[in-house]
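Asks: Here is a sequence together with a model predicted from it:
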Amino acid sequence: MPARRLRRAAADYAYVLPALGVMLVVIGYPICDTIYLSFFATPPNLAMSHRTFIGFDNYTRILTSDAFLSATWNTFIWTFFSTVISFALGFGAALALNREFVGRGLLRGILLIPYVVSAVAAAYVWRWLYHSDFGVIGALSVALGITDKPIIFLDSVDTVLPSLIVVNIWKEFPFAMIMVLAGLQTVPEPLLRAARVDGAGAWHAFWHVTFPHLRGVSTITVLLLVVTSINAFTIPWIMTGGGPAGASHIWITAIYEMAFGRLRFGPAAAYSVILFLILMCLGYFYVRALSGTRRKAE
């Protein structure tokens, strides 16, 4: 019997081995090479010849630099507000769309448009909407008498990050809406009817019946939004490139600019490893939340 199980397991692993091999080449090798590179000082050229081993100096310089602290603060602000507001808007939209009304399907389709639009296309459209001289938003604010002159969105260190956060919220809240809508389908209708029979109002029925069934999907959605925001490269890079004066740099754009703008591959590799460890921690909590949701479902 053990020999038969071993042969069966060996056959199963044989089917998986090609995929594992591809993953090791495509994912494993770049990760290991980046970790290895992070311990070296490299000349500013693409060949990266004449590497010099410097140990943890790259990590020390990154973690103690003012640019890293600024990017960290920007990343926190970007991630926090993008996640909280995207989830709140998505949650509210899901609750509204969960009810039957005329035109619900059309409204669902309209609200999904930001999510299905390419991030590159969305970034360029919003870049023109925000344009200081030719932007539609600035022109409307002047035409309606709200401001005396067009609002400066992307060219000011004070307004650039909030302006980018608005775009990211517009792009990501439909995802939260979809996830919460899926969670609402798991709420047992008999429990809601029983709550109404017992005299519970809409708020009490939501808080004591609906919300407990949404905790798992809400946790997973929030974690995915956090990871998505931290990895959101396209919108901030295309719209501002980290400017002005680094005011819109987040971790991932700072890494890209350091590696391919200044050709400092060693420090950029160390920066990448730091970000990788942070994302691994978030991945751990995501897997735990996902496993807990599965256990409750069973």
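Replies: Yes, it's here.

Asks: switch to C-alpha atoms for all contacts and neighbour counts from now on
Replies: Noted.

Asks: so how far is Pro150 from the residue positioned nearest the centre of the chain?
Replies: Centroid-nearest residue in the chain: Thr228, 1.3 Å away (criterion: Cα atoms, centre = their mean). Thr228 sits 32 Å away from Pro150, going by Cα to Cα, to the nearest Å.

Asks: What of Gly109?
Replies: 32 Å.

Asks: list the contacts for Thr219?
Replies: Contact analysis of Thr219 by Cα atoms under 8 Å, 6 or more residues apart in numbering lists Ala289.

Asks: so what pLDDT did it get?
Replies: Model confidence at Thr219, given as pLDDT, is 90.

Asks: Could you do Ala182 as well?
Replies: Note on Ala182: pLDDT of 88.

Asks: give me the element it is part of.
Replies: helix 160-184 (DSSP states H and E).

Asks: Same check on Ala247?
Replies: Here Ala247 is assigned to no helix or strand, by DSSP H and E.

Asks: Quick check, it in contact with Val160.
Replies: Yes. Under the criterion of Cα atoms under 8 Å, Ala247 makes contact with Val160 at 7.2 Å.

Asks: how many other residues sit next to Ile255?
Replies: Residues near Ile255, counting by other Cα atoms under 10 Å, number 23.

Asks: doesn't Val209 fall inside a strand?
Replies: No. Under DSSP: H, G, I helix; E, B strand; the rest coil, Val209 sits outside any strand and is assigned helix.

Asks: Do a quick rundown of the strands in the stretch 1-150 of the chain.
Replies: Using DSSP state E, counting those that start in this stretch, the strands of the stretch 1-150 of the chain run over residues 40-41, 52-53.

Asks: Tell me how far the first one lies from the chain's centre.
Replies: On the basis of Cα atoms, centre = their mean, to the nearest Å, strand 40-41 sits 30 Å off its chain's mean C-alpha point.

Asks: contacting residues around Ser141?
Replies: Neighbour list for Ser141: Thr147, Lys149, Pro150, Ile151 [criterion: Cα under 8 Å, 6+ apart].

Asks: Apologies, that question was intended for Thr42.
Replies: By Cα under 8 Å, 6+ apart, Thr42 lies in contact with Met48, Ser49, His50, Arg51, Thr52, Arg264, Phe265, Gly266.

Asks: Arg51 touches Ala41, doesn't it?
Replies: Yes. Contact status for Arg51 versus Ala41: in contact at 5.7 Å, counting by Cα under 8 Å.

Asks: what about those two, which has more around it?
Replies: Ranked by neighbour count (other Cα under 10 Å), Arg51 and Ala41 place Ala41 first, with 20 against 13.

Asks: pretty sure the more buried one is touching Gly55, no?
Replies: No. Using Cα under 8 Å, Ala41 is not in contact with Gly55; the gap is 9.2 Å.

Asks: Return the set of buried residues in stretch 133-141.
Replies: Neighbour-count burial for stretch 133-141 flags Gly135, Val136, Ile137, Gly138, Ala139 (criterion: 16 or more other Cα atoms under 10 Å).

Asks: chain center to it, what's the gap?
Replies: Per Cα atoms, centre = their mean, the centroid offset for stretch 133-141 relative to its chain is 29 Å.

Asks: swap in stretch 276-285?
Replies: Centre-to-centre, stretch 276-285 and its host chain are 13 Å apart (Cα atoms, centre = their mean).

Asks: Show the average pLDDT along it.
Replies: In this model, stretch 276-285 has an average pLDDT of 90.

Asks: Use 50 as the first number for this chain going forward.
Replies: Let's use 50 as the start, then, which means that last one is stretch 325-334.
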